[in-house]
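> generate a structure from the sequence data that follows.
(one chain, ligands or ions: 3)
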Amino acid sequence: MPSNIVLNALTEPPIRSMVSPIISTNVDKRGGFRNVSGNSPVEMIFSEDFSSQPLWVGINPDGSRNATPTNWTNFRSSEQLYAPSTGYPGKHETMEIVDDAGDIGNRALRGWREADDTQNPGLWNSDAILTKRLPGDGLNEVYVKFRFKLQPGWTVTSGVGKLFRISHKKEGFPEYGYGTKPEYGHGPMYIWDGLGGEGDYGFRNVTALRGYPNETNYFMGEQPPQQLPRSLVSGNLSLNWGVNVTDLNGDGIHENAPYPSVIDGSPVGDIATVAETLGIDTWVTAEFYFKMNSAPGVADGAVKQWINGHLCFSNDVMPWCASSAAEVVKWNTVSFGGNHYWAAYPAVDAVEEWYVIDDIEIHNGLPEGI
Ligand SMILES: [Ca+2]
Ligand SMILES: [Ca+2]
Ligand SMILES: [Ca+2]
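Ligands and ions are numbered 1, 2, ... in the order given. So this is what the prediction gives:
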């Protein structure tokens with residue numbers, strides 16, 4: 001072998017992130033779902049590339065609400081500061097379906113975050129969530145794949161923002177009520193806060209794990225999950241992209257390959273940047289797999305996360321439903337987008353930044369080969 005060949009250049013790229021998105025078929029009559037035959041065999045039950053959706057905005061300039069996009073269940077476009085409906089005609093509502101972001105001419109879901117330096121830690125804004133209810137009473141296992149892209153010039157100096165969540169929502173409870181109150185019906189739940197800034201410890205892979213029942217086990221205090229790469233703090237994990245990726249179960253043995261920089265393929269360290277982990281103005285592929293535990297208090301549930309085809313978080317002893325639950329529940333709600341805590345610019349400047357989401361797939365289990 002010539003000595004000038006860099007070994008990294010010979011590494012096979014992650015194949016799954018290169019698979020072309022599957023194009024939607026005419027499944028409108030089934031609410032967007034393909035034929036569903038339980039969890040076996042594993043099949044893709046829903047996909048959305050937005051090419052069949054009309055151009056759309058959640059909220060009109062007069063504040064009225066538009067219909068939920070076809071084949072979707074619900075949406076929230078709220079908590080916005082700078083938008084036509086709040087008296088800023090040159091700004092944007094938090095959620096749209098557009099052609100002029102991501103790749104020009106490629107229709108996608110666009111969300112906007114809004115900077116407000118007057119925020120206190122309890123104030124989150126610019127909420128944009130698009131929600132899909134899963135078929136029947138839900139699924140024991142779910143795999144979700146989508147792509148997203150941060151706008152050119154995305155500010156990396158601060159911020160936290162939600163990008164994806166899956167939950168069980170109790171029948172008849174509010175679509176967007178989250179927390180420990182009895183009137184909130186989401187739990188268990190997984191939230192990926194994928195849109196963060198670079199703090200003292202770099203850009204973090206921030207995840208929220210929430211348990212069931214939500215009234216007593218929302219932060220998973222009843223039965224804390226084991227074999228995590230670092231400690232759970234109030235149900236939240238702030239993972240790095242270095243040792244927390246290579247040692248997925250935190251036992252000191254580094255069994256997983258380092259996360260490769262999207263810039264040059266080199267191993268990403270513990271203190272990472274947005275540019276080397278996700279990349280800016282480039283598509284990122286995110287995949288997630290969830291399995292409910294088999295009975296209350298039995299720690300055999302699972303959660304897995306891949307970014308750009310690389311396994312970044314994995315746990316298969318997850319007690320999603322604690323022993324105090326009368327029975328285990330099913331995953332029935334998947335949502336994209338969310339609100340933000342972002343204080344990078346003076347509120348008077350009314351700064352907005354966008355991200356796009358596209359090529360969503362939902363499967364009723366882990367596809368073969370993954
Ligand atoms: Ca598209
Ligand atoms: Ca806005
Ligand atoms: Ca390990």
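> quick check: closest non-adjacent residue to Arg107.
Excluding the flanking residues, the one nearest Arg107 by CB to CB, 6 or more residues apart in numbering is Phe50, at 4.3 Å. To be clear about C-beta, it is placed using only N, CA and C from the backbone, and glycine gets the same treatment.
> so what's the residue count around the one you found?
Neighbourhood size, Phe50 [other CB atoms under 10 Å]: 24.
> give the contact list for it.
Phe50 makes contacts with 97, 107-109, 358, as judged by CB atoms under 8 Å, 6 or more residues apart in numbering.
> what about His186, neighbour count?
Once other CB under 10 Å is used to define contacts, His186 is seen to have 25 neighbours.
> helix, strand or coil: sort out the closest residue to it other than its chain neighbours for me.
Of all residues not flanking His186 in the chain, Ser167 sits nearest, at 4.4 Å (CB to CB, 6+ apart). Secondary structure, DSSP: H, G, I helix; E, B strand; the rest coil: Ser167 is strand.
> need the pLDDT of Ser167.
We have a pLDDT of 98 for Ser167.
> and for Thr118?
89.
> wait, doesn't it sit right on Asp349?
No: applying CB atoms under 8 Å as the test, Thr118 and Asp349 come out as separate, 11.9 Å apart.
> where does the residue lying closest to Val328 once chain neighbours are set aside fall, phi/psi-wise?
Nearest residue to Val328, sequence neighbours excluded (CB to CB, 6+ apart): Cys321, at 4.4 Å. The phi and psi values for Cys321, taken as degrees, to the nearest 10, are phi -110, psi 120.
> pretty sure Cys321 contacts Lys330?
No: Cys321 lies out of contact with Lys330 (CB under 8 Å); the separation is 10.1 Å.
> ok, and what's touching stretch 84-94?
57-63, 77-80, 82-83, 111-112, 114, 126-128, 350, 352, 354.
> try 10 Å this time
57-66, 75-83, 98, 110-114, 125-129, 337-340, 350-352, 354 (CB atoms under 10 Å, 6 or more residues apart in numbering).
> neighbour-wise, which of Cys321 and Lys330 wins?
A count of neighbours by other CB under 10 Å puts Cys321 above the other of Cys321 and Lys330, at 28 against 14.
> quick one, what contacts that one?
Cys321 neighbours (CB under 10 Å, 6+ apart): 168, 187-188, 211-213, 217, 222-223, 292-298, 301, 327-329.
> what about Ala67, how many residues nearby?
There are 9 residues near Ala67, going by other CB under 10 Å.
> and what of Ala208?
Using other CB under 10 Å, Ala208 has 20 neighbouring residues.
> in a strand, it, correct?
Yes: counting by three-state DSSP, one finds Ala208 located in a strand.
> surely Ala275 is in contact with Trp241?
No: counting by CB atoms under 10 Å, Ala275 stays clear of Trp241, with 11.9 Å between them.
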